[in-house]
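Q: Quick one: sequence plus predicted model below, questions after.
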Amino acid sequence: MRRIRVRFAPSPTGALHIGGIRTALFNYLFARKNEGDFILRIEDTDSSRRVEGAEQYIIDALEWCGLRFDEGVGTGGPYSPYRQSERKGIYRQYAEQLVADGRAYYAFDTPEELDAARNECEAEGKTFVYNHLARVSMRNSLTLSPGETERLKHETDSWAVRFKVSENEILSMDDMVRGKVTVDTSTLDDKVLWKKIDELPTYHLANIVDDKLMEITHVIRGEEWLPSLPLHILIYRAFGWTPPKFAHLSLLLKPDGKGKLSKRDGDRLGFPVFPLQWTSSEGETAKGFREAGYFPEALVNFLALLGWNSGTEKELFSMDELIQHFDLNRIIKSGAKFDINKAKWFNQQYMRMKTNEELAALYLPLLNDKGLNPPLGYIAEVCGLIKERAAFVSDFWDLSHYFFSTPETYEEKSLKKYLNENSADILQSIAGILTDIHDFSKENTEHAVHAWIESEKLKTGQVMNLFRLAIVGACMGPSLFNIIEMIGKKETLYRIERIMNYEL
């Protein structure tokens, strides 16, 4: 049995869309599940669209998501090079082979001639398609003499090799997601495979030649490439090669409305659509999931369940578990709506699974930015008390600032509700009780304060919210007695005195 080999083959034309990460993920899971190879190939034959820094961005994004490739750009491998622009000398011979076999032809039509053909069709209310009907009236090696063909090949640079699509054939193809796909070849056009002007192939030739030479067994790619499948199958057949198995993944859809998820949707609704932050050549910056505070394992888990299911009710999967459960047969044909709230939920679940020490290490730089440098052990205790309420590490400060600094202000609504003419007496009594406690543990302070409330027949809610307002600055947070144990007796008494002197 042949070893499973899959490839992720993006073009370096800008930031890698989150849909591209999902495609890479499904390729990676399939390779690992089958103990095969995962390859990164950069398809950069269109030099006019190549963007500086985009290739490294792709590599960094895959690395951050934990999708480590076995062969590829920057890693090497037995089928190097893996950058198509470095393989340009390979492709012409294959284009010429197709011409020699009568499966392709030389096309010498100038841009002006092509425009004239389009205009003529438009004048008749038709759309120009360079196909089996049009090619017999165009300037190509099918209509020119062999001598004229050779002369134009040597004297001009504006020629190309076009594939000669068979006509009036019902082509039946198998897709691992879509099932059987049938197309009438008469509806297809004769695509350009190779261009003399830059001596570079188009995507249609380059990806097929490279997949063959790199022994790719399965092509797992986005739904947008499904219309190209008939052409690709025909090219494989023209070469006499057995095609790989194909699986076309459904699109990631807008959270609202219809259509494919785009950067504009992220801008409009306030969430990232790229894995990492990207700055364009014009200086425009787009935030990434990493910069928005997502854990890579949470994002991977979220993406895996967009268009695939395990057949169970389980939602949280480690990478190893995803590999164990992954099956192309469980990929869903219909598009998957991109629900950013679900992504946040996943991040929250992974937040809860991290140790307090791990979270403390992540929180410390944020505290340092505020001029604070508490011990990591103290930060870890704080994280343990607040992480259930957070979705991101960036939420920690709003949830825990009172552990690190005295409140400068008080929540206005709570002040009006709980601070009254009796407040000073209540707070003075609490201060007196706490002053007499030598072991300032949570258990001791909680017992003493609640015993006093009961003996004085006071309303617990009124007293405790007033006490919390003094310590936290708002009616929020974990157990109040956990808080005062951590900030200590001196700071607790100072905060009580401070609110007693506060004037509404």
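A: Great, that's in hand.

Q: use CA for all of it now, contacts and neighbours both
A: Noted.

Q: So which elements touch the lengthiest helix in the chain?
A: In the chain, assigned by DSSP state H, the helix with the most residues is helix 18-33. Applying 3 or more Cα pairs under 8 Å, 6 or more residues apart in numbering; DSSP states H and E, one finds that helix 18-33 contacts strand 5-8, strand 37-40, strand 218-222, helix 296-304, helix 319-325.

Q: can you list contacts of the longest one?
A: Looking back up the chat, that one is helix 296-304. Residues outside helix 296-304 that contact it (Cα atoms under 8 Å, 6 or more residues apart in numbering) are 22, 25-26, 64-66, 289-290, 316-319, 322, 342-343, 346-347, 350.

Q: State the mean pLDDT of the longest helix of the chain.
A: Per-residue pLDDT values over helix 18-33 give a mean of 97.

Q: Now do it against helix 296-304: the angle between them, please.
A: Per axes from the mean of the first three to the mean of the last three Cα atoms, to 10 degrees, the angle that helix 18-33 makes with helix 296-304 is 90 degrees.

Q: angle of helix 18-33 against strand 218-222?
A: Using the same axes, to 10 degrees: helix 18-33 against strand 218-222 is 160 degrees.

Q: So for residue 275, which of the helices and strands packed on helix 18-33 sits nearest?
A: The closest of the helices and strands packed on helix 18-33 to residue 275 is helix 296-304. By Cα to Cα, the value is 8.8 Å.

Q: any idea how this structure splits into domains?
A: 5-72+206-253, 88-200, 263-277+284-350, 354-403, 412-500 (automatic domain parsing).

Q: Tabulate the helices and strands packed on helix 18-33 (JSON lines), appending distance to residue 48.
A: Shown next, in JSON lines, are the helices and strands packed on helix 18-33 (distance: least, Cα to Cα, whole Å):
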{"stretch": "strand 5-8", "distance to residue 48": "21"}
{"stretch": "strand 37-40", "distance to residue 48": "21"}
{"stretch": "strand 218-222", "distance to residue 48": "23"}
{"stretch": "helix 296-304", "distance to residue 48": "31"}
{"stretch": "helix 319-325", "distance to residue 48": "37"}
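
Q: Dump those to TSV, plus mean neighbour count.
A: Listed next are these as TSV, based on neighbours: other Cα atoms under 10 Å:
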stretch	mean neighbour count
strand 5-8	25
strand 37-40	24
strand 218-222	21
helix 296-304	22
helix 319-325	16
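
Q: As CSV, those with mean pLDDT would be great.
A: Shown next, in CSV, are the helices and strands packed on helix 18-33 (pLDDT from 0 to 100):
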stretch, mean pLDDT
strand 5-8, 98
strand 37-40, 98
strand 218-222, 97
helix 296-304, 98
helix 319-325, 97
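
Q: Of those, which is nearest residue 407?
A: Nearest to residue 407, of the helices and strands packed on helix 18-33 and by Cα to Cα, is helix 296-304 at 33.7 Å.

Q: ok so, going back, distance from the longest helix of the chain to the middle of the chain?
A: Relative to the mean C-alpha coordinate of its chain, helix 18-33 is positioned 11 Å out (Cα atoms, centre = their mean, to the nearest Å).

Q: Kindly report the same for stretch 237-251.
A: Remark: stretch 237-251 is offset 25 Å from the chain centroid, using Cα atoms, centre = their mean.

Q: Now it: buried residues?
A: 238, 243, 244, 246, 247, 248, 249, 250, 251 (16 or more other Cα atoms under 10 Å).

Q: pretty sure the second one is in a helix, no?
A: It stands for residue 243. No: counting by DSSP: H, G, I helix; E, B strand; the rest coil, one finds residue 243 to be coil, located in no helix.

Q: Once you drop chain neighbours, what's closest to it?
A: residue 236 (5.8 Å; Cα to Cα, 6 or more residues apart in numbering).

Q: now do the first one
A: In space, and not counting its chain neighbours, residue 238 is closest to residue 103: 6.3 Å by Cα to Cα, 6+ apart.

Q: if I look at the one you found, how far off is residue 377?
A: Using Cα to Cα, to the nearest Å, one obtains 71 Å as the distance from residue 103 to residue 377.

Q: quick one, which of these two is more surrounded?
A: residue 103 (20 against 13; other Cα atoms under 10 Å).

Q: residue boundaries of the helices in the stretch 251-400 of the chain?
A: Taking DSSP state H, counting those that start in this stretch, the helices of the stretch 251-400 of the chain run over residues 263-269, 296-304, 319-325, 340-353, 356-369, 376-386, 396-400.

Q: I would like the residues contacting the third one, please.
A: With contacts defined as Cα under 8 Å, 6+ apart, helix 319-325 is touched by 29, 30, 32, 33, 297, 300, 301, 304, 310.

Q: Only C-alpha atoms, please: export it in CSV.
A: What follows is helix 319-325 as a C-alpha-only set of coordinates in CSV (Å, rounded to 0.1, in the frame of the first residue of the first chain):
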residue,chain,number,x,y,z
MET,A,319,-4.6,17.3,18.9
ASP,A,320,-3.9,13.7,19.6
GLU,A,321,-7.6,13.0,20.0
LEU,A,322,-8.5,14.8,16.8
ILE,A,323,-5.9,12.7,15.0
GLN,A,324,-7.4,9.5,16.5
HIS,A,325,-11.0,10.4,15.5
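
Q: which stretches of the stretch 401-504 of the chain have low pLDDT?
A: In the predicted model of the stretch 401-504 of the chain, residues 503-504 satisfy pLDDT under 70.

Q: Straight-line length of stretch 8-17, end to end?
A: Taking Cα to Cα, the first and last residues of stretch 8-17 lie 13 Å apart.
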